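Student: Turn this into a model:
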Amino acid sequence: MRDFTDKVAVITGAGSGIGRALAVALAGRGARLALSDVDAVRLADTVATCEKLGAKAVGHELDVADRTALLAHADAVVTEFGQVNLVVNNAGVALMATVEEMSWEDLDWLMGVNFWGVVHGTKAFLPHLIASGEGHLVNVSSVFGLIGVPTQSAYNAAKFAVRGFTEALREEMLIAGHPVGVSCVHPGGIDTNIARSARKPAGMDDEEAARSFRRIARTSPEDAAKTIIRGIERNSPRILIGLDARAIDLLPRVLGSAYQRLIATGSRLTKRYGVDLG
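Tutor: As a prediction, the model looks like this:
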């Protein structure tokens, strides 16, 4: 997919961050947009921005963890636009907790959005992507879908699952000969609000979490969107965003499982001495 003019793009989590930046970038390229987010206020702002660029943009308040709601969303999009060419399953949440301290409720919440949200979006829209004759599916994983990280076990579980799910789907599309490209995105540190809205241990406030995250957030959402669009144009199976993502991708390749001891040591030093390893 090299020309986005009049293509219908569906983007979840479009109220902020990468989702918003993608919506704006695609609006500038002539795409028609079906945008969703759980935050109706932020979503409305994204829709208005895209409309100012001359794009048709329709907003849907949506919780991607709700399978029934997402299936209804797919029907509504096809009714409104007549087709679907591009789907970006981007919506995501964060949880900072060790396996010992996390609650079952928080684990279910994260998996509902970060894994099941991707599965729901894929299953709901895949038949329409195939029918379009020129479709592309983008599922957003993370660099935490490449390596394990302390206090991120739930996030790791979801993002590793997204990676496996997406890579298998790409293989299935190739075997079946369907006209659908499939890409898995692995962003490094992106300057978004995900840390501020994360569920976190008692005693850590939103600003503290945001400051900690900003130390490793090296890439803007706008640059991330450019990289994703370039990956779609090239039908790239894996899209790494940022130099940090490329470095992290190399860790398990070069060190094998030994990377785990390296990360554990770095985390221990950071916690004990306040060393900023970013």
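Student: Please count neighbours and contacts with C-alpha atoms only from this point.
Tutor: Fine.
Student: packing partners for the top helix by length along the chain?
Tutor: In the chain, with assignment by DSSP state H, the single longest helix is helix 153-176. Of the remaining helices and strands, those touching helix 153-176 by 3 or more Cα pairs under 8 Å, 6 or more residues apart in numbering; DSSP states H and E are helix 104-114, strand 135-140, strand 180-187.
Student: The next helix or strand after the first one - contacts with which helices or strands?
Tutor: Spelled out, it's helix 104-114. Sequence-wise, the next helix or strand downstream of helix 104-114 (DSSP states H and E) is helix 116-132. If you count contacts as 3+ Cα pairs under 8 Å, 6+ apart, helix 116-132 packs onto helix 67-81, strand 86-89, strand 135-140.
Student: Quick check, pLDDT for Val10.
Tutor: Turning to Val10, the model gives it a pLDDT of 98.
Student: correction: Ile239
Tutor: 98.
Student: For it, list the residues it contacts.
Tutor: Taking Cα atoms under 8 Å, 6 or more residues apart in numbering, we find Ile239 in contact with 183-187, 227-228, 231.
Student: try 10 Å
Tutor: By Cα atoms under 10 Å, 6 or more residues apart in numbering, the contact set of Ile239 is 138, 140-142, 183-187, 224, 227-232, 245-246.
Student: Now it: which helix or strand?
Tutor: According to DSSP H and E, Ile239 maps onto strand 238-241.
Student: Buried residues in the very next helix or strand once past that strand, which are they?
Tutor: Going down the chain from strand 238-241, the next helix or strand is helix 243-255, by DSSP H and E. Buried residues in helix 243-255, counted by 16 or more other Cα atoms under 10 Å: 244-246, 248-249, 251-252.
Student: ok and helix 243-255 relative to strand 180-187, angle-wise?
Tutor: Relative orientation of helix 243-255 versus strand 180-187 (axes from the mean of the first three to the mean of the last three Cα atoms, to 10 degrees): 90 degrees.
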